[in-house]
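Q: below: sequence and its predicted model.
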Amino acid sequence: MKNTTHLYVGILACAITFVSIGLTPHSTYASAEDNIFGVNVSMEIRFNQSEETTIIEKLNDLHVSWVREEFNWNTIEPSRGVHDWAGYDRSVAQYRNAGISVLGVLAYSAEWASTAPSSAASRDKYPPDIQAWKTFVTDVVARYPEITHWEVWNEENHAAFLVANDKIASYTSILDAASTAIRSAHPGAQVVLGGLSGADSDFLRRLYLAGAKDFFDIVAIHPYRTNYGKTIYSPELNQFGLNSLVTDLYVMRSMIHAYDPQTPAPLWITELGWPTWSQGVTEAQQADYLQRSFILSRLYPEVEKIFWYNLRDDTAEDHEDKTFGLYNYDWSEKPAVKALRQLATAYPTLVLKENMEAFSKPIDEFNSPARFFVEAFDNGKFIKNETVANRPTIRSLRSLGSISYRYAFSANRVAQYRRIVIRNAPRTQAESYDLWLWSDGGIHPVRLRFKDATGEIFQGNAGYTGYGWLHLSLTLTDTANSFVSWGGNNDKKINFPVSLDSIIVEKNPDSPIMKGEIVLTRFTYRRFDQAYAYRFQQDGRNTWVFWHTKNSPQVAATYAPLTTRAMNIWNYYDTGFRTLTSFESLKRQVIMLGLETRPLFIQ
């Protein structure tokens, strides 16, 4: 459940009107188990009984087949041994009759079972008596056998939702007791880790170290796009000190693989949303961000479910924490309703096949290891130079040129980094850059260091090493928030042309892996800032998705094979890499690559 301490300020204004030119979405519904989209509802504790029929009607209209429902211990058992099941019996029956699957959230402590001091506020957020908790979980799970997935607690890493001197020990005890009860009462049911506030990889790491690996089957996170309560930002944005949504997911899956490489748990996003209050996003932005974040989450197959927070606004007032709904408080639709309906109806099981690099021009393909060397620094002091190599045993992305570097950090907490220096780096006038990186597991920050025409250095956060491929992106337009800088004329402004001076891999002292290998390949600039293009498959059919986040490019006036040929000319002469011939077929119109401000689907 979202906390009121998060503050949001909108930044983009992208329309969400859906273009239907040439679109023929596949409308075969996936089974509830396969459908990847869900909504937070909590029918029993958020709505009146008179609204239950309306809720089911809205869910059916959305074609959503998963809901997240909080089973509140205080509500079910307000005093020891006295149960009130009526509301939950009715809610579960409503979902069952509608064919909607439920993710049940077991939350929080009953006040009579709380270990809180007698004078404490929020007694339900303190750890419960473990034996009483275990009995409660057993009772709930046994009563509702149709529910096969149970999430244990909510945002246990956040101070507002679990009050304990040692959160790791307290939550591990709560999780251990709950998982034992769930698996005993319903063998085969899946235990979902309580959704972590943010993408808190460090809290997950400490849970693994505490021995919690066998107590859950699925990792849940709430990766709201907020920068320490100061800004609200789009799912693609990457700044110094914060990550894009894709990077957050990459780091989480890397942490899971690092501690459980044989049976890594899948990821569920059990809360994600943007509020539409006066200082939040517009309703159009909310809808646009919904589609873009849901699509980006599908770049990793480990992300199995995505639950929007939430179904309806909690109030008609202008309130930060209560305006995340798809619907307004009076049940009138926001544009996000149409956005989610399109995804859930036509594209319930998208599987990524290709990142198409919209309008990318190569700058460096890393073909010659001799152009690179590595400076190793420990505790701020230069130690030695190291070499890079080609590694034909590691297949480069799309068989392009690459360099490989084996890093090794000492396990102590001394600051260390490795600087991969580029000799004769090309100079460019571009503002947006991309770099592909592969890693075998270590979770260490990666910085890109640019040098401008005056010799001033700008260093920005680009992502992390991790498990598998990551597409690192960095834009040179927001230097105040995205970079630290020094040297040259020291005016804190980028004077073009610029060159990629070096790539920094910095030791993360909390990473479980201190040595490994990275592969770097295909450094490009983007002709249009932040253009995105992906090829997915669903039921064996291709689906292409395009959008950009700037308003300067114009929507194509011609949707015809002529556009296809024009785009092929661009790609042939400017990138030498990609053509659009896969789009061409009889009776298929083409939407110009990357020039829409919202996702567009073509099949």
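A: All right, it came through fine.

Q: distance of the residue nearest in space to the middle of the chain from residue 303?
A: Centroid check for the chain by Cα atoms, centre = their mean gives residue 245 as the closest residue, at 3.9 Å. Using Cβ to Cβ, to the nearest Å, residue 245 is found at 10 Å from residue 303. Yep, even glycine has a C-beta here, placed from its N, CA and C like the rest.

Q: what do the two both touch?
A: residue 297 (Cβ atoms under 8 Å, 6 or more residues apart in numbering).

Q: the longest strand seen in the chain pairs with which strands?
A: In the chain, with assignment by DSSP state E, the single longest strand is strand 515-526. As defined by DSSP bridges, the strand partners of strand 515-526 come to strand 360-364 (antiparallel), strand 402-408 (antiparallel), strand 432-440 (antiparallel).

Q: how about a markdown table for those strands, with mean neighbour count added?
A: Below are the strands paired with strand 515-526 laid out as a markdown table (neighbours: other Cβ atoms under 10 Å):
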| stretch | mean neighbour count |
| --- | --- |
| strand 360-364 | 20 |
| strand 402-408 | 20 |
| strand 432-440 | 22 |
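
Q: out of the ones you listed, flag the one nearest residue 312.
A: strand 432-440 (37.8 Å; Cβ to Cβ).

Q: contacts only, for residue 474.
A: 238, 432, 433, 434, 448, 460, 462, 482.

Q: is residue 545 in a helix, a strand, or coil?
A: Three-state assignment for residue 545 (DSSP: H, G, I helix; E, B strand; the rest coil): strand.

Q: okay, now it: neighbour count?
A: By other Cβ atoms under 10 Å, 23 other residues sit near residue 545.

Q: low pLDDT regions in the stretch 401-550 of the chain?
A: For the stretch 401-550 of the chain, the stretches with pLDDT under 70 are 527-530, 550.

Q: of the strands paired with strand 515-526, which is nearest residue 39?
A: The nearest among the strands paired with strand 515-526, by Cβ to Cβ, is strand 432-440 at 33.2 Å.

Q: next one: residue 316 from residue 52, what distance?
A: With Cβ to Cβ as the criterion, residue 316 and residue 52 are 20 Å apart.

Q: between these two, which one's more packed in?
A: Set side by side, residue 316 and residue 52 show more neighbours around residue 52, with 17 against 11, by other Cβ under 10 Å.

Q: now do the contacts for that one.
A: So residue 52 contacts 43, 90, 91, 94 (Cβ under 8 Å, 6+ apart).

Q: burial count for the closest residue to the first one other than its chain neighbours?
A: This means residue 43. Nearest residue to residue 43, sequence neighbours excluded (Cβ to Cβ, 6 or more residues apart in numbering): residue 91, at 4.4 Å. Using other Cβ under 10 Å, residue 91 has 25 neighbouring residues.

Q: one more: residue 479?
A: Residue 479 - counted by other Cβ under 10 Å - has 16 other residues nearby.

Q: swap in the one 5 residues further on?
A: Per other Cβ under 10 Å, the neighbour tally for residue 484 reads 15.

Q: quickly list what it is bridged to.
A: residue 459.

Q: remind me, longest helix of the protein?
A: In the chain, taking DSSP state H as the definition, the longest helix is helix 167-185.

Q: what residues does whichever helix or strand comes after it touch?
A: Downstream of helix 167-185, the next assigned helix or strand under DSSP states H and E is strand 190-193. If you take Cβ under 8 Å, 6+ apart as the criterion, strand 190-193 is touched by 103, 148-152, 175, 178-179, 182-183, 204, 207, 215-220, 265, 268, 270.

Q: could you redo the last one with a cut-off of 10 Å?
A: With contact meaning Cβ atoms under 10 Å, 6 or more residues apart in numbering, strand 190-193 is reached by 68, 103-106, 148-153, 156, 171, 175, 178-183, 203-204, 207, 212, 214-221, 265-268, 270, 305.

Q: format the contacts of residue 474 as JSON lines; extra columns: distance to residue 121.
A: As requested, these are exported to JSON lines (distance: Cβ to Cβ, whole Å):
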{"residue": "238", "distance to residue 121": "38"}
{"residue": "432", "distance to residue 121": "48"}
{"residue": "433", "distance to residue 121": "49"}
{"residue": "434", "distance to residue 121": "49"}
{"residue": "448", "distance to residue 121": "46"}
{"residue": "460", "distance to residue 121": "42"}
{"residue": "462", "distance to residue 121": "43"}
{"residue": "482", "distance to residue 121": "40"}
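
Q: how about those residues, which pair is most distant?
A: Pairwise over the contacts of residue 474, using Cβ to Cβ, the maximum falls at 434 and 482, 14.8 Å.
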